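> Test case, fold it:
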Amino acid sequence: MRRSWLLPFVLFPAFAACAGSRAADSPAPRGATTAAITPADLRVRASIFAHDSMQGRRTGTPGNVRGNAYITGELARLGLRPAGDSGTYLQQVPLLRYTVDTARATLRAGSARLEVFEEYYPYQAIFEVPVRPIDGAQLLYIGGAADTAGLPPREELDGKLVVFRSEASGNALGAPDLSPQGRLGLIAGIAITQIDPLIANFAQSLAEPQVKLKQDLAVPPGATQPRMLFVPTGSVEALFGRTLDALRPGDTGPAIQGEVAFDAGDVGASNVVAVLEGSDPALRGEYVALGAHNDAIGVVEPVEHDSLRAYNTIMRPRGANDPPSEPSEAQWGRIRGIIDSLRKLRPARLDSIVNGADDDGSGSMGLLEVAEAASRGKRPRRSLLFVWHTGEEAGLHGSRWFTDHATVPRDSIVTQINTDMIARGNAEDEQKGGAGYVQVIGSRRLSTELGDLAVSVNRDGKHGLAFDYTYDADGHPDNFYCRSDHYMYARYGIPIAFFSTGGHRDYHQITDELEYLDFDKFTAVTRFVADLANRVANLDRRPVVDQPKPDPEAPCKQ
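Numbers count the residues shown, from 1 in each chain. From the prediction side, this is the model:
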(Lines give C-alpha, C1' and ligand atoms only; values in the text may rest on other atoms or scores of the structure.)
Protein backbone atom coordinates (compact mmCIF):
# COMPACT_ATOMS: atom_id res chain seq x y z
CA MET A 1 0.00 0.00 0.00
CA ARG A 2 1.27 3.45 -0.84
CA ARG A 3 2.07 5.92 1.90
CA SER A 4 -0.90 8.19 2.31
CA TRP A 5 -1.51 11.61 3.78
CA LEU A 6 -5.13 10.50 4.25
CA LEU A 7 -4.48 9.65 7.89
CA PRO A 8 -8.03 10.12 9.21
CA PHE A 9 -9.41 7.51 6.79
CA VAL A 10 -7.02 4.97 8.29
CA LEU A 11 -7.74 6.09 11.81
CA PHE A 12 -11.52 6.14 11.50
CA PRO A 13 -12.39 2.95 9.58
CA ALA A 14 -15.76 2.66 11.26
CA PHE A 15 -16.90 5.87 9.63
CA ALA A 16 -15.58 4.76 6.25
CA ALA A 17 -17.39 1.45 6.51
CA CYS A 18 -20.78 3.09 6.68
CA ALA A 19 -20.03 6.00 4.38
CA GLY A 20 -21.57 6.32 0.97
CA SER A 21 -19.45 7.30 -2.01
CA ARG A 22 -20.17 10.64 -3.65
CA ALA A 23 -21.88 10.34 -7.01
CA ALA A 24 -19.48 11.66 -9.63
CA ASP A 25 -21.40 10.91 -12.80
CA SER A 26 -24.53 12.98 -12.16
CA PRO A 27 -24.82 16.06 -14.39
CA ALA A 28 -23.69 19.42 -13.11
CA PRO A 29 -26.44 21.89 -12.22
CA ARG A 30 -27.38 24.72 -14.55
CA GLY A 31 -28.67 28.21 -13.96
CA ALA A 32 -28.94 31.68 -15.44
CA THR A 33 -26.56 34.50 -14.54
CA THR A 34 -26.94 38.26 -14.83
CA ALA A 35 -24.84 41.23 -15.95
CA ALA A 36 -24.14 42.16 -12.33
CA ILE A 37 -21.53 40.44 -10.15
CA THR A 38 -23.65 38.82 -7.44
CA PRO A 39 -23.41 36.03 -4.86
CA ALA A 40 -26.19 34.20 -6.67
CA ASP A 41 -24.31 34.28 -9.97
CA LEU A 42 -21.10 33.08 -8.38
CA ARG A 43 -22.94 30.26 -6.63
CA VAL A 44 -24.41 29.13 -9.93
CA ARG A 45 -21.03 29.16 -11.62
CA ALA A 46 -19.11 27.53 -8.75
CA SER A 47 -21.73 24.79 -8.38
CA ILE A 48 -21.12 23.86 -12.01
CA PHE A 49 -17.35 24.19 -12.14
CA ALA A 50 -16.67 22.46 -8.79
CA HIS A 51 -19.29 19.74 -9.31
CA ASP A 52 -18.31 16.09 -8.84
CA SER A 53 -18.91 15.50 -12.55
CA MET A 54 -15.75 17.55 -13.22
CA GLN A 55 -13.76 14.87 -11.32
CA GLY A 56 -11.47 17.44 -9.71
CA ARG A 57 -10.30 18.95 -13.06
CA ARG A 58 -6.80 17.46 -12.92
CA THR A 59 -4.69 18.79 -15.78
CA GLY A 60 -5.53 17.14 -19.08
CA THR A 61 -8.19 14.78 -17.70
CA PRO A 62 -11.74 14.55 -19.09
CA GLY A 63 -12.90 16.55 -16.06
CA ASN A 64 -10.49 19.36 -16.92
CA VAL A 65 -11.77 19.27 -20.50
CA ARG A 66 -15.37 19.49 -19.27
CA GLY A 67 -14.49 22.44 -17.06
CA ASN A 68 -12.93 24.22 -20.01
CA ALA A 69 -15.98 23.43 -22.12
CA TYR A 70 -18.17 25.23 -19.59
CA ILE A 71 -15.89 28.28 -19.70
CA THR A 72 -15.70 28.39 -23.50
CA GLY A 73 -19.45 27.94 -23.82
CA GLU A 74 -20.01 30.93 -21.57
CA LEU A 75 -17.44 33.03 -23.43
CA ALA A 76 -19.19 32.30 -26.72
CA ARG A 77 -22.55 33.23 -25.20
CA LEU A 78 -21.09 36.50 -23.91
CA GLY A 79 -19.56 37.34 -27.29
CA LEU A 80 -15.90 37.56 -26.27
CA ARG A 81 -13.40 37.09 -29.09
CA PRO A 82 -11.54 33.77 -29.13
CA ALA A 83 -7.81 34.34 -28.60
CA GLY A 84 -6.46 30.81 -28.53
CA ASP A 85 -5.17 28.68 -31.40
CA SER A 86 -6.66 28.88 -34.91
CA GLY A 87 -9.58 31.12 -34.01
CA THR A 88 -10.66 29.06 -30.99
CA TYR A 89 -10.74 29.79 -27.27
CA LEU A 90 -8.22 27.02 -26.57
CA GLN A 91 -4.45 27.31 -26.63
CA GLN A 92 -2.94 23.85 -26.61
CA VAL A 93 -0.17 23.42 -24.05
CA PRO A 94 2.28 20.61 -24.95
CA LEU A 95 2.63 18.55 -21.81
CA LEU A 96 4.03 15.11 -21.17
CA ARG A 97 2.99 12.79 -18.35
CA TYR A 98 5.87 10.77 -16.92
CA THR A 99 4.89 7.61 -15.05
CA VAL A 100 7.22 5.35 -13.10
CA ASP A 101 7.43 1.83 -14.51
CA THR A 102 6.51 0.20 -11.20
CA ALA A 103 7.06 -3.32 -12.55
CA ARG A 104 10.80 -2.59 -12.77
CA ALA A 105 11.22 -0.14 -9.91
CA THR A 106 12.17 -2.36 -6.98
CA LEU A 107 15.66 -1.54 -5.70
CA ARG A 108 17.85 -3.82 -3.60
CA ALA A 109 20.96 -3.21 -1.54
CA GLY A 110 22.36 -6.16 0.38
CA SER A 111 19.45 -7.68 2.28
CA ALA A 112 17.35 -4.50 2.05
CA ARG A 113 14.55 -4.22 -0.48
CA LEU A 114 13.09 -0.84 -1.43
CA GLU A 115 9.62 -0.75 -2.97
CA VAL A 116 8.79 2.34 -4.97
CA PHE A 117 6.33 4.73 -3.27
CA GLU A 118 6.81 2.87 0.00
CA GLU A 119 10.52 2.88 0.84
CA TYR A 120 11.57 5.47 -1.73
CA TYR A 121 10.15 8.08 -4.11
CA PRO A 122 11.87 8.89 -7.41
CA TYR A 123 11.81 12.44 -8.75
CA GLN A 124 13.10 14.00 -11.94
CA ALA A 125 13.03 17.74 -12.60
CA ILE A 126 14.22 17.66 -16.22
CA PHE A 127 13.43 14.72 -18.47
CA GLU A 128 15.26 15.95 -21.57
CA VAL A 129 18.66 15.23 -19.97
CA PRO A 130 19.58 11.53 -19.66
CA VAL A 131 19.90 10.14 -16.13
CA ARG A 132 23.00 8.27 -15.00
CA PRO A 133 22.47 4.59 -14.14
CA ILE A 134 22.45 3.65 -10.46
CA ASP A 135 22.55 -0.14 -10.88
CA GLY A 136 25.78 -1.22 -9.18
CA ALA A 137 26.41 2.17 -7.55
CA GLN A 138 27.85 1.96 -4.04
CA LEU A 139 26.03 3.80 -1.26
CA LEU A 140 28.00 6.60 0.39
CA TYR A 141 26.71 8.71 3.26
CA ILE A 142 27.88 12.33 2.92
CA GLY A 143 26.06 13.92 5.87
CA GLY A 144 24.28 17.26 5.66
CA ALA A 145 24.95 20.70 4.22
CA ALA A 146 27.55 21.48 6.89
CA ASP A 147 29.54 18.40 5.86
CA THR A 148 29.77 19.01 2.11
CA ALA A 149 32.91 21.17 2.44
CA GLY A 150 34.79 18.10 3.61
CA LEU A 151 33.74 15.85 0.75
CA PRO A 152 36.34 13.79 -1.08
CA PRO A 153 37.48 14.91 -4.56
CA ARG A 154 35.05 14.57 -7.48
CA GLU A 155 36.87 11.55 -8.84
CA GLU A 156 36.39 9.57 -5.61
CA LEU A 157 32.65 10.27 -5.74
CA ASP A 158 32.35 9.18 -9.36
CA GLY A 159 29.53 6.67 -9.78
CA LYS A 160 28.44 6.68 -6.14
CA LEU A 161 24.85 6.88 -4.91
CA VAL A 162 25.29 9.46 -2.17
CA VAL A 163 22.91 9.74 0.76
CA PHE A 164 22.37 13.33 1.87
CA ARG A 165 20.79 14.33 5.18
CA SER A 166 18.48 17.22 4.36
CA GLU A 167 17.87 20.17 6.62
CA ALA A 168 14.47 20.70 5.06
CA SER A 169 12.63 23.87 6.01
CA GLY A 170 8.99 24.18 5.02
CA ASN A 171 8.79 22.95 1.44
CA ALA A 172 12.51 23.52 0.74
CA LEU A 173 14.83 20.52 0.55
CA GLY A 174 18.10 22.32 1.08
CA ALA A 175 19.74 19.96 -1.43
CA PRO A 176 23.46 20.32 -2.20
CA ASP A 177 24.96 21.65 -5.42
CA LEU A 178 24.54 18.99 -8.12
CA SER A 179 25.93 21.04 -11.02
CA PRO A 180 28.26 19.15 -13.39
CA GLN A 181 31.18 21.34 -12.28
CA GLY A 182 30.54 20.84 -8.56
CA ARG A 183 32.04 18.34 -6.14
CA LEU A 184 29.03 16.06 -6.70
CA GLY A 185 29.07 16.49 -10.47
CA LEU A 186 29.98 12.88 -11.23
CA ILE A 187 27.76 10.97 -8.78
CA ALA A 188 25.34 8.37 -10.11
CA GLY A 189 22.52 9.56 -7.90
CA ILE A 190 21.48 11.19 -4.66
CA ALA A 191 19.11 9.88 -2.00
CA ILE A 192 17.79 12.76 0.08
CA THR A 193 16.69 11.69 3.55
CA GLN A 194 15.41 13.06 6.87
CA ILE A 195 12.45 14.61 5.06
CA ASP A 196 9.80 12.30 6.49
CA PRO A 197 7.29 15.13 7.18
CA LEU A 198 7.81 16.46 3.66
CA ILE A 199 7.30 12.99 2.18
CA ALA A 200 4.21 12.46 4.32
CA ASN A 201 2.84 15.79 3.14
CA PHE A 202 3.42 15.15 -0.54
CA ALA A 203 3.34 11.35 -0.76
CA GLN A 204 0.19 11.50 -2.87
CA SER A 205 1.76 13.83 -5.44
CA LEU A 206 5.16 12.10 -5.38
CA ALA A 207 3.47 8.81 -6.18
CA GLU A 208 1.48 10.25 -9.08
CA PRO A 209 2.72 10.85 -12.64
CA GLN A 210 4.80 13.97 -13.14
CA VAL A 211 3.44 16.41 -15.72
CA LYS A 212 6.06 18.51 -17.50
CA LEU A 213 6.20 20.93 -20.41
CA LYS A 214 7.76 19.62 -23.60
CA GLN A 215 10.92 21.66 -23.93
CA ASP A 216 13.30 22.13 -26.80
CA LEU A 217 16.35 22.32 -24.58
CA ALA A 218 19.82 22.78 -26.00
CA VAL A 219 21.36 19.80 -24.21
CA PRO A 220 25.16 19.67 -24.58
CA PRO A 221 26.43 16.44 -26.14
CA GLY A 222 27.08 13.84 -23.47
CA ALA A 223 25.26 15.77 -20.74
CA THR A 224 23.74 13.63 -17.98
CA GLN A 225 22.19 14.18 -14.57
CA PRO A 226 22.14 12.16 -11.33
CA ARG A 227 19.13 10.09 -10.34
CA MET A 228 17.26 11.75 -7.47
CA LEU A 229 15.43 9.76 -4.81
CA PHE A 230 13.50 10.88 -1.73
CA VAL A 231 14.09 8.28 0.97
CA PRO A 232 12.42 8.09 4.42
CA THR A 233 14.70 7.76 7.41
CA GLY A 234 13.69 4.15 8.04
CA SER A 235 14.78 3.10 4.55
CA VAL A 236 18.25 4.59 5.05
CA GLU A 237 18.60 2.72 8.33
CA ALA A 238 17.63 -0.50 6.56
CA LEU A 239 20.25 0.15 3.86
CA PHE A 240 23.13 0.83 6.25
CA GLY A 241 22.06 -1.41 9.12
CA ARG A 242 22.22 1.36 11.73
CA THR A 243 20.38 4.51 12.68
CA LEU A 244 20.77 7.72 10.75
CA ASP A 245 22.21 9.44 13.83
CA ALA A 246 24.90 6.77 14.03
CA LEU A 247 26.09 7.36 10.47
CA ARG A 248 29.13 9.52 9.82
CA PRO A 249 30.16 11.24 6.56
CA GLY A 250 32.20 8.79 4.54
CA ASP A 251 30.37 5.68 5.77
CA THR A 252 29.66 3.28 2.94
CA GLY A 253 26.90 0.79 2.32
CA PRO A 254 26.22 -1.99 -0.18
CA ALA A 255 25.80 -1.43 -3.90
CA ILE A 256 22.34 -0.70 -5.26
CA GLN A 257 20.80 -3.25 -7.59
CA GLY A 258 18.09 -2.10 -9.98
CA GLU A 259 17.05 0.98 -11.93
CA VAL A 260 14.22 3.49 -12.11
CA ALA A 261 12.51 4.15 -15.44
CA PHE A 262 9.78 6.58 -16.46
CA ASP A 263 7.34 6.07 -19.34
CA ALA A 264 6.17 9.21 -21.18
CA GLY A 265 2.77 10.01 -22.70
CA ASP A 266 1.12 13.11 -24.12
CA VAL A 267 -1.33 15.14 -22.04
CA GLY A 268 -4.13 16.96 -23.85
CA ALA A 269 -4.22 20.21 -21.87
CA SER A 270 -5.29 23.72 -22.86
CA ASN A 271 -5.34 27.29 -21.68
CA VAL A 272 -8.61 29.12 -22.31
CA VAL A 273 -8.03 32.58 -23.80
CA ALA A 274 -10.51 35.32 -24.74
CA VAL A 275 -10.46 39.05 -25.42
CA LEU A 276 -12.99 41.79 -24.78
CA GLU A 277 -12.06 44.50 -27.27
CA GLY A 278 -11.33 47.94 -25.87
CA SER A 279 -13.26 51.00 -26.96
CA ASP A 280 -10.33 53.31 -27.76
CA PRO A 281 -8.83 52.70 -31.24
CA ALA A 282 -5.49 54.08 -30.02
CA LEU A 283 -5.33 51.81 -26.95
CA ARG A 284 -7.29 48.66 -27.80
CA GLY A 285 -4.05 47.04 -28.96
CA GLU A 286 -2.91 47.03 -25.32
CA TYR A 287 -4.24 44.53 -22.81
CA VAL A 288 -5.01 44.21 -19.14
CA ALA A 289 -4.69 40.48 -18.49
CA LEU A 290 -6.82 38.73 -15.89
CA GLY A 291 -5.88 35.21 -14.90
CA ALA A 292 -6.88 32.16 -12.88
CA HIS A 293 -6.14 28.45 -13.28
CA ASN A 294 -8.61 25.97 -14.69
CA ASP A 295 -7.06 22.84 -13.17
CA ALA A 296 -7.22 21.30 -9.71
CA ILE A 297 -5.95 18.14 -8.00
CA GLY A 298 -8.34 15.50 -9.37
CA VAL A 299 -9.20 12.18 -7.74
CA VAL A 300 -7.34 10.71 -4.75
CA GLU A 301 -7.74 7.78 -2.39
CA PRO A 302 -11.16 7.78 -0.66
CA VAL A 303 -11.40 9.38 2.76
CA GLU A 304 -14.24 10.16 5.14
CA HIS A 305 -15.06 13.85 4.75
CA ASP A 306 -15.83 14.89 8.33
CA SER A 307 -13.00 12.85 9.85
CA LEU A 308 -10.47 14.50 7.55
CA ARG A 309 -11.84 17.96 8.20
CA ALA A 310 -11.83 17.41 11.96
CA TYR A 311 -8.24 16.19 11.84
CA ASN A 312 -7.17 19.16 9.70
CA THR A 313 -8.99 21.60 11.98
CA ILE A 314 -6.76 20.53 14.86
CA MET A 315 -3.59 19.32 13.15
CA ARG A 316 -3.39 20.90 9.68
CA PRO A 317 -5.14 24.29 9.75
CA ARG A 318 -3.50 25.19 6.43
CA GLY A 319 -4.37 21.91 4.75
CA ALA A 320 -1.62 20.54 2.50
CA ASN A 321 0.66 23.42 3.47
CA ASP A 322 1.06 21.73 6.88
CA PRO A 323 2.66 18.28 7.24
CA PRO A 324 0.50 15.56 8.83
CA SER A 325 1.49 14.33 12.27
CA GLU A 326 0.24 11.99 14.98
CA PRO A 327 -2.12 13.82 17.39
CA SER A 328 -1.52 13.81 21.13
CA GLU A 329 -4.14 12.28 23.41
CA ALA A 330 -5.63 15.73 24.04
CA GLN A 331 -5.71 16.49 20.32
CA TRP A 332 -7.40 13.15 19.65
CA GLY A 333 -10.07 14.15 22.13
CA ARG A 334 -10.73 17.40 20.28
CA ILE A 335 -10.82 15.64 16.92
CA ARG A 336 -13.29 13.03 18.16
CA GLY A 337 -15.42 15.76 19.72
CA ILE A 338 -15.75 17.51 16.35
CA ILE A 339 -16.61 14.26 14.60
CA ASP A 340 -19.19 13.30 17.23
CA SER A 341 -20.94 16.66 16.93
CA LEU A 342 -21.07 16.39 13.14
CA ARG A 343 -22.30 12.80 13.26
CA LYS A 344 -25.40 14.02 15.10
CA LEU A 345 -26.17 16.16 12.05
CA ARG A 346 -25.33 13.80 9.18
CA PRO A 347 -23.99 10.33 8.39
CA ALA A 348 -20.41 9.65 7.37
CA ARG A 349 -19.59 10.38 3.75
CA LEU A 350 -16.74 8.86 1.80
CA ASP A 351 -15.23 11.02 -0.94
CA SER A 352 -12.28 10.91 -3.32
CA ILE A 353 -12.74 14.03 -5.46
CA VAL A 354 -10.72 17.17 -4.73
CA ASN A 355 -13.32 19.52 -6.20
CA GLY A 356 -11.18 22.64 -5.89
CA ALA A 357 -14.13 24.91 -5.16
CA ASP A 358 -11.80 27.57 -3.78
CA ASP A 359 -8.57 26.42 -5.48
CA ASP A 360 -9.12 27.65 -8.06
CA GLY A 361 -12.80 27.32 -8.80
CA SER A 362 -13.25 30.67 -7.10
CA GLY A 363 -10.68 32.50 -9.22
CA SER A 364 -11.87 30.85 -12.42
CA MET A 365 -15.54 31.57 -11.86
CA GLY A 366 -14.82 35.06 -10.56
CA LEU A 367 -13.01 35.71 -13.83
CA LEU A 368 -15.99 34.48 -15.81
CA GLU A 369 -18.27 36.77 -13.82
CA VAL A 370 -15.95 39.72 -14.55
CA ALA A 371 -16.10 38.81 -18.24
CA GLU A 372 -19.90 38.83 -18.20
CA ALA A 373 -20.10 42.15 -16.36
CA ALA A 374 -17.55 43.75 -18.70
CA SER A 375 -19.26 42.47 -21.83
CA ARG A 376 -22.62 43.89 -20.74
CA GLY A 377 -21.37 47.26 -19.51
CA LYS A 378 -19.37 50.19 -20.84
CA ARG A 379 -16.19 48.88 -22.36
CA PRO A 380 -12.86 50.20 -21.08
CA ARG A 381 -10.38 51.90 -23.40
CA ARG A 382 -7.88 49.05 -23.43
CA SER A 383 -8.80 45.47 -24.19
CA LEU A 384 -9.26 42.91 -21.44
CA LEU A 385 -7.41 39.63 -21.92
CA PHE A 386 -8.88 36.69 -19.98
CA VAL A 387 -6.66 33.62 -19.51
CA TRP A 388 -7.61 30.47 -17.63
CA HIS A 389 -4.24 28.74 -17.31
CA THR A 390 -3.85 24.97 -17.22
CA GLY A 391 -1.24 23.00 -15.31
CA GLU A 392 -0.80 25.46 -12.45
CA GLU A 393 -0.88 22.69 -9.88
CA ALA A 394 1.68 20.69 -11.87
CA GLY A 395 4.16 23.57 -12.04
CA LEU A 396 2.76 26.77 -13.62
CA HIS A 397 2.98 25.10 -17.02
CA GLY A 398 0.07 26.86 -18.72
CA SER A 399 1.16 30.34 -17.71
CA ARG A 400 4.76 29.61 -18.69
CA TRP A 401 3.61 28.42 -22.10
CA PHE A 402 1.28 31.37 -22.60
CA THR A 403 3.87 33.98 -21.70
CA ASP A 404 6.47 32.26 -23.89
CA HIS A 405 3.96 31.85 -26.75
CA ALA A 406 1.46 34.64 -26.10
CA THR A 407 -1.46 34.86 -28.51
CA VAL A 408 -1.23 38.66 -28.34
CA PRO A 409 2.07 40.58 -28.45
CA ARG A 410 3.57 40.01 -25.02
CA ASP A 411 4.81 43.59 -24.76
CA SER A 412 1.24 44.80 -25.26
CA ILE A 413 0.18 43.33 -21.90
CA VAL A 414 0.34 46.31 -19.53
CA THR A 415 -0.69 44.50 -16.32
CA GLN A 416 -1.64 41.02 -15.16
CA ILE A 417 -4.13 40.51 -12.32
CA ASN A 418 -4.12 37.01 -10.84
CA THR A 419 -6.87 35.50 -8.69
CA ASP A 420 -6.20 32.20 -6.94
CA MET A 421 -8.40 31.16 -3.99
CA ILE A 422 -10.60 34.21 -3.39
CA ALA A 423 -13.64 32.83 -1.55
CA ARG A 424 -12.49 32.09 1.99
CA GLY A 425 -10.34 34.00 4.52
CA ASN A 426 -12.56 34.26 7.59
CA ALA A 427 -11.18 34.22 11.12
CA GLU A 428 -11.25 30.40 11.22
CA ASP A 429 -9.19 30.19 8.03
CA GLU A 430 -6.55 32.85 8.67
CA GLN A 431 -5.14 34.33 11.86
CA LYS A 432 -5.85 37.84 10.57
CA GLY A 433 -8.94 36.75 8.67
CA GLY A 434 -12.26 38.48 8.59
CA ALA A 435 -15.03 39.78 6.37
CA GLY A 436 -12.73 41.86 4.16
CA TYR A 437 -9.48 39.95 4.51
CA VAL A 438 -7.42 39.68 1.29
CA GLN A 439 -3.77 38.85 0.76
CA VAL A 440 -2.03 41.11 -1.76
CA ILE A 441 1.20 39.87 -3.32
CA GLY A 442 3.49 41.44 -5.89
CA SER A 443 1.48 44.61 -6.54
CA ARG A 444 4.51 46.89 -6.02
CA ARG A 445 7.34 44.54 -6.98
CA LEU A 446 7.54 45.96 -10.51
CA SER A 447 5.25 48.99 -10.46
CA THR A 448 4.70 51.12 -7.38
CA GLU A 449 1.91 52.80 -9.30
CA LEU A 450 -0.02 49.54 -9.70
CA GLY A 451 0.13 48.89 -5.97
CA ASP A 452 -1.11 52.41 -5.27
CA LEU A 453 -3.92 51.97 -7.80
CA ALA A 454 -5.11 48.83 -6.01
CA VAL A 455 -5.33 50.77 -2.75
CA SER A 456 -7.19 53.69 -4.32
CA VAL A 457 -9.64 51.43 -6.16
CA ASN A 458 -10.45 49.64 -2.91
CA ARG A 459 -10.94 52.97 -1.13
CA ASP A 460 -12.77 54.87 -3.89
CA GLY A 461 -15.01 51.94 -4.76
CA LYS A 462 -15.86 51.37 -1.09
CA HIS A 463 -15.06 47.68 -1.47
CA GLY A 464 -14.10 47.39 2.19
CA LEU A 465 -11.25 44.95 1.66
CA ALA A 466 -8.50 44.74 4.27
CA PHE A 467 -5.22 44.19 2.43
CA ASP A 468 -2.62 41.95 4.09
CA TYR A 469 0.89 42.26 2.61
CA THR A 470 2.50 39.77 5.01
CA TYR A 471 3.03 37.11 2.37
CA ASP A 472 4.61 39.58 -0.04
CA ALA A 473 7.64 40.08 2.20
CA ASP A 474 11.02 39.34 0.69
CA GLY A 475 12.14 35.86 1.62
CA HIS A 476 8.80 34.80 3.12
CA PRO A 477 9.03 31.02 3.63
CA ASP A 478 5.67 30.30 1.98
CA ASN A 479 7.08 31.69 -1.28
CA PHE A 480 3.62 32.61 -2.63
CA TYR A 481 5.06 35.18 -5.03
CA CYS A 482 6.66 32.29 -6.94
CA ARG A 483 3.83 29.76 -6.57
CA SER A 484 1.04 31.02 -8.81
CA ASP A 485 0.65 32.01 -12.45
CA HIS A 486 1.32 35.74 -12.08
CA TYR A 487 5.06 35.16 -11.77
CA MET A 488 5.30 33.90 -15.33
CA TYR A 489 4.21 37.39 -16.41
CA ALA A 490 6.33 39.20 -13.85
CA ARG A 491 9.51 37.48 -15.08
CA TYR A 492 9.04 39.39 -18.35
CA GLY A 493 8.68 42.73 -16.59
CA ILE A 494 4.87 42.88 -16.75
CA PRO A 495 3.45 44.50 -13.59
CA ILE A 496 1.32 42.03 -11.65
CA ALA A 497 -1.03 41.98 -8.69
CA PHE A 498 -2.00 38.71 -7.04
CA PHE A 499 -5.09 38.55 -4.84
CA SER A 500 -6.03 35.65 -2.58
CA THR A 501 -8.05 35.18 0.58
CA GLY A 502 -5.41 32.75 1.80
CA GLY A 503 -5.00 29.18 2.89
CA HIS A 504 -7.27 27.00 4.99
CA ARG A 505 -7.75 23.46 6.29
CA ASP A 506 -9.36 22.40 3.00
CA TYR A 507 -6.43 23.39 0.76
CA HIS A 508 -5.73 20.50 -1.64
CA GLN A 509 -8.18 18.31 0.26
CA ILE A 510 -11.39 16.50 -0.71
CA THR A 511 -13.12 18.98 1.61
CA ASP A 512 -12.49 21.98 -0.70
CA GLU A 513 -16.16 22.12 -1.58
CA LEU A 514 -18.91 24.60 -2.32
CA GLU A 515 -20.43 24.45 1.17
CA TYR A 516 -17.42 26.18 2.73
CA LEU A 517 -17.19 29.14 0.33
CA ASP A 518 -18.01 32.62 1.60
CA PHE A 519 -20.05 34.03 -1.27
CA ASP A 520 -20.20 37.54 0.15
CA LYS A 521 -16.39 37.63 0.31
CA PHE A 522 -16.21 35.97 -3.10
CA THR A 523 -18.43 38.70 -4.53
CA ALA A 524 -16.54 41.55 -2.88
CA VAL A 525 -13.17 40.39 -4.21
CA THR A 526 -14.56 39.77 -7.69
CA ARG A 527 -16.13 43.24 -7.85
CA PHE A 528 -12.86 44.78 -6.71
CA VAL A 529 -10.89 42.89 -9.38
CA ALA A 530 -13.33 44.07 -12.04
CA ASP A 531 -12.94 47.67 -10.89
CA LEU A 532 -9.15 47.45 -10.76
CA ALA A 533 -8.99 45.99 -14.26
CA ASN A 534 -11.20 48.81 -15.53
CA ARG A 535 -9.13 51.46 -13.77
CA VAL A 536 -5.91 50.20 -15.34
CA ALA A 537 -7.56 49.74 -18.73
CA ASN A 538 -8.75 53.37 -18.71
CA LEU A 539 -5.41 54.97 -17.79
CA ASP A 540 -3.95 57.43 -20.28
CA ARG A 541 -0.69 55.48 -20.18
CA ARG A 542 0.35 52.05 -19.02
CA PRO A 543 1.48 51.63 -15.37
CA VAL A 544 5.07 52.76 -14.91
CA VAL A 545 7.61 50.02 -14.22
CA ASP A 546 9.92 51.64 -11.67
CA GLN A 547 11.38 48.54 -10.01
CA PRO A 548 14.07 46.14 -11.30
CA LYS A 549 12.90 43.52 -13.77
CA PRO A 550 13.85 39.90 -13.07
CA ASP A 551 15.81 37.67 -15.41
CA PRO A 552 13.09 35.60 -17.13
CA GLU A 553 15.33 32.53 -17.20
CA ALA A 554 16.51 32.77 -13.59
CA PRO A 555 14.76 30.97 -10.71
CA CYS A 556 12.07 33.00 -9.00
CA LYS A 557 13.10 34.67 -5.76
CA GLN A 558 10.47 35.72 -3.20
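> Quick check, Gln55 in contact with Ala296.
No. Counting by CB atoms under 8 Å, Ala296 is not a contact partner of Gln55; they are 9.4 Å apart. Yep, even glycine has a C-beta here, placed from its N, CA and C like the rest.
> higher neighbour count, these two?
For Gln55 versus Ala296, neighbours defined as other CB atoms under 10 Å are more numerous around Ala296 (31 against 22).
> Quick check: closest non-adjacent residue to that one.
Nearest residue to Ala296, sequence neighbours excluded (CB to CB, 6 or more residues apart in numbering): Gly356, at 2.9 Å.
> Let me see the mean pLDDT of stretch 491-505.
Average pLDDT, stretch 491-505: 98.
> Repeat that for stretch 399-410.
99.
> Show me what counts as buried in that stretch.
399-403, 406-408, 410 (16 or more other CB atoms under 10 Å).
> Run the chain-centre distance for it.
Once both centres are worked out by CA atoms, centre = their mean, to the nearest Å, stretch 399-410 turns out to sit 20 Å from its chain's centre.
> Might you report the residue contacts of the residue nearest to Ala296?
50, 56-57, 296-297, 512 (CB atoms under 8 Å, 6 or more residues apart in numbering).
> would you turn the buried residues of stretch 399-410 into a markdown table with distance to Ser362 and secondary structure?
Below are the buried residues of stretch 399-410 laid out as a markdown table (distance: CB to CB, whole Å; DSSP: H, G, I helix; E, B strand; the rest coil):
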| residue | distance to Ser362 | secondary structure |
| --- | --- | --- |
| Ser399 | 18 | helix |
| Arg400 | 23 | helix |
| Trp401 | 23 | helix |
| Phe402 | 21 | helix |
| Thr403 | 23 | helix |
| Ala406 | 25 | coil |
| Thr407 | 25 | coil |
| Val408 | 26 | coil |
| Arg410 | 27 | helix |
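> Which two among the residues you listed are spaced furthest apart?
Arg400 and Val408 (16.5 Å; CB to CB).
> From what I see, Val129 and Pro220 are in contact.
No. Val129 is beyond contact range of Pro220, at 9.2 Å (criterion: CB under 8 Å).
> What segments of the stretch 1-150 of the chain are helices?
7-11, 13-18, 39-49, 62-78 (DSSP state H, counting those that start in this stretch).
> most packed of the ones you listed?
helix 39-49 (a mean of 21; mean count of other CB atoms under 10 Å).
> Could you pull up the mean pLDDT of that one?
Across helix 39-49, the average pLDDT comes to 98.
> One more: stretch 138-152?
Rounded mean pLDDT across stretch 138-152 is 88.
> same thing with stretch 177-194?
pLDDT averaged over stretch 177-194 gives 91.
> Counting neighbours, show which residues of it come out buried.
Quick answer for stretch 177-194 (16+ other CB under 10 Å): 178, 183-184, 186-194.
> which other residues reach that stretch?
Residues from elsewhere that reach stretch 177-194, judged by CB under 8 Å, 6+ apart: 120, 132-134, 137, 139, 148, 151, 153-155, 157-168, 173, 175-176, 223, 225-233, 235-236, 244.
> what's the span of it from first residue to last?
18 Å (CA to CA, to the nearest Å).
> so Ile335, which of the three states?
With DSSP: H, G, I helix; E, B strand; the rest coil as the basis, Ile335 sits in helix.
> how does this structure divide into domains?
The chain breaks down into these domains under automatic domain parsing: 31-93+267-296+355-537, 102-260.
> Strands of the stretch 101-250 of the chain, residue ranges please.
107-109, 112-114, 121-123, 138-143, 161-165, 189-193, 210-213, 227-230 (DSSP state E, counting those that start in this stretch).
> Please apply the same query to the stretch 351-500 of the chain.
Using DSSP E, counting those that start in this stretch, strands in the stretch 351-500 of the chain cover 383-389, 413-419, 437-441, 466-468, 496-500.
> I'd like these laid out as JSON lines, including mean neighbour count.
What follows is the strands of the stretch 351-500 of the chain, written out as JSON lines (neighbours: other CB atoms under 10 Å):
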{"stretch": "strand 383-389", "mean neighbour count": "28"}
{"stretch": "strand 413-419", "mean neighbour count": "27"}
{"stretch": "strand 437-441", "mean neighbour count": "24"}
{"stretch": "strand 466-468", "mean neighbour count": "17"}
{"stretch": "strand 496-500", "mean neighbour count": "27"}
